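Q: Okay, sequence plus prediction incoming.
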Amino acid sequence: MNKDRRVERDPRTGTWYFVADIPSPDGRRRQARRRDFATSKAANDALHDLLEASRAGLPTGVRGGLLVGDYLTGRWLPSLAGQELRATTVDSYRRITANHLVPRLGAVRLSALDEGMIEVMLAGLAADGLSPKTRKNVLTN
């Protein structure tokens, strides 16, 4: 494993964490540390997302974690171009992302996103009067 990136298990808590040097535009050393992952795979995935975002020049959040909004608009939506989807489907995904997901979850670190946050988002959509079908589309798209 690369010396400037490591995923290890915390012997006290049994959870996984990572430490990584993140390239910065000004050339100064930035070190990211994230902890409390349930599995080594989850820690590795979060580390990979963080490094990819940094390489792509995407903002990685106040504490270095990739934000949900940045992931959706900078990584997920562009990845749809290589898939065989109808233009109307991609347009629907873009509208749902811009109108519902980014305003409610965009500032959340991707590694911190959990089921409770999604439930709160869905409750907010219901309180705003969105139909069950629209809420289902937000959830599944």
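A: The structure has been received and is ready for your questions. Numbering: from 1, shown residues only.
Q: domains for the chain, by residue range?
A: Per automatic domain parsing, the structural domains of the chain span 1-65, 67-141.
Q: gap between the two ends of the longest one?
A: What that stands for is domain 67-141. Terminal residues of domain 67-141 are spaced 18 Å apart (C-alpha to C-alpha, to the nearest Å).
Q: Can you tell me which residue is spatially central in the protein?
A: Nearest to the geometric centre of the chain sits Leu110, at 2.9 Å (C-alpha atoms, centre = their mean).
Q: Contacts only, for that residue.
A: Leu110 is in contact with Ala46, Asp49, Gly65, Leu66, Leu67, Val68, Tyr71, counting by C-beta atoms under 8 Å, 6 or more residues apart in numbering. All C-beta spots, glycine's among them, are computed from the backbone N, C-alpha and C.
Q: Dump those residues to JSON lines, plus neighbour count and distance to Phe37.
A: Below are the contacts of Leu110 laid out as JSON lines (neighbours: other C-beta atoms under 10 Å; distance: C-beta to C-beta, whole Å):
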{"residue": "Ala46", "neighbour count": "24", "distance to Phe37": "7"}
{"residue": "Asp49", "neighbour count": "18", "distance to Phe37": "12"}
{"residue": "Gly65", "neighbour count": "21", "distance to Phe37": "12"}
{"residue": "Leu66", "neighbour count": "25", "distance to Phe37": "14"}
{"residue": "Leu67", "neighbour count": "25", "distance to Phe37": "18"}
{"residue": "Val68", "neighbour count": "24", "distance to Phe37": "17"}
{"residue": "Tyr71", "neighbour count": "19", "distance to Phe37": "17"}
